[in-house]
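Enquirer: have a look; sequence and predicted model below, questions after that.
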Amino acid sequence: MRSRIARVAGVATAVLLGAVGCSSGSGGGSAAQGQGFWGAHGADGPSEANAPASIEALAQRTDLIVLGTITGVEEGRDYTDPGKAPNRTSNLVLQVDRASGGKPATALVEVTREPVTALKDISDALPKGQYVFYLKNWYEGPDGPVYRCASPAKCVVGVNDGVLETPRDPDAAQELQSSSKGLTQSSGNGKPLSVEDLFTASTSAK
């Protein structure tokens with residue numbers, strides 16, 4: 001009888017530990033937590049050293065801030081070292097509506113991609129709507145400059161009903177909104193904060 005009770009208790013403990021592992025192991029930016037385009041291009045905010053906590057700090061790290069939409073995705077560089085795990089990237093093609101320091105018609109942004117995800121699997125699932133992109137100069141490509149993220153988890157920011165969204169790592173949005181001076185859920189005219197308001201606030205802080 002004691003042996004049977006011990007076996008049942010052991011099974012219950014294993015099930016409980018398995019459930020805890022599933023709920024805490026994936027992290028905000030992992031592909032396991034989300035499917036589709038952003039799931040394939042996720043970023044792990046907690047692993048970023050000295051990450052910017054506010055829009056002001058984020059803006060000050062940039063070479064270019066863009067208000068725009070994602071109109072395409074291309075195969076990026078492969079940084080895989082021999083004998084190591086794959087390290088692949090995608091180049092996001094942006095249609096630029098507004099930009100700090102001038103207005104290029106388009107911009108390419110390199111972001112990391114889950115190694116198991118092929119480009120063809122997510123090229124038809126492009127995100128809709130405008131985002132603010134916080135970018136650093138990276139390298140000169142054959143068709144012009146290629147940019148990288150000023151902060152992996154927070155370089156793409158959207159606004160939904162006045163609330164910030166960080167699709168590469170959804171958990172990063174709350175800190176970004178609460179830590180940003182003068183950035184509230186309402187704009188100066190009493191309407192909910194918009195992505196245009198976010199762009200204006202970001203370029204003012206740069």
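Expert: Received it, and whenever you're ready, just let me know what you need.

Enquirer: where do the strands sit along the chain?
Expert: Remark: strands assigned in the chain by DSSP state E are 64-78, 88-99, 106-113, 131-141, 144-149, 156-160, 163-165.

Enquirer: could you dump the ones you listed to a markdown table with mean neighbour count and distance to residue 175?
Expert: C-beta: built from backbone N, CA, C; applies to glycine. What follows is the strands of the chain, written out as a markdown table (neighbours: other C-beta atoms under 10 Å; distance: least, C-beta to C-beta, whole Å):
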| stretch | mean neighbour count | distance to residue 175 |
| --- | --- | --- |
| strand 64-78 | 18 | 19 |
| strand 88-99 | 19 | 24 |
| strand 106-113 | 21 | 20 |
| strand 131-141 | 19 | 15 |
| strand 144-149 | 18 | 17 |
| strand 156-160 | 21 | 12 |
| strand 163-165 | 18 | 10 |
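
Enquirer: pipe the ones you listed into TSV and attach distance to residue 178 and mean pLDDT per row.
Expert: Output for the strands of the chain, formatted as TSV (distance: least, C-beta to C-beta, whole Å; pLDDT from 0 to 100):
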stretch	distance to residue 178	mean pLDDT
strand 64-78	21	96
strand 88-99	26	96
strand 106-113	25	96
strand 131-141	18	96
strand 144-149	21	95
strand 156-160	14	97
strand 163-165	10	96
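
Enquirer: of those, which is nearest residue 40?
Expert: Smallest distance to residue 40 across the strands of the chain (C-beta to C-beta): 5.6 Å, for strand 106-113.

Enquirer: nice, that's everything, thank you.
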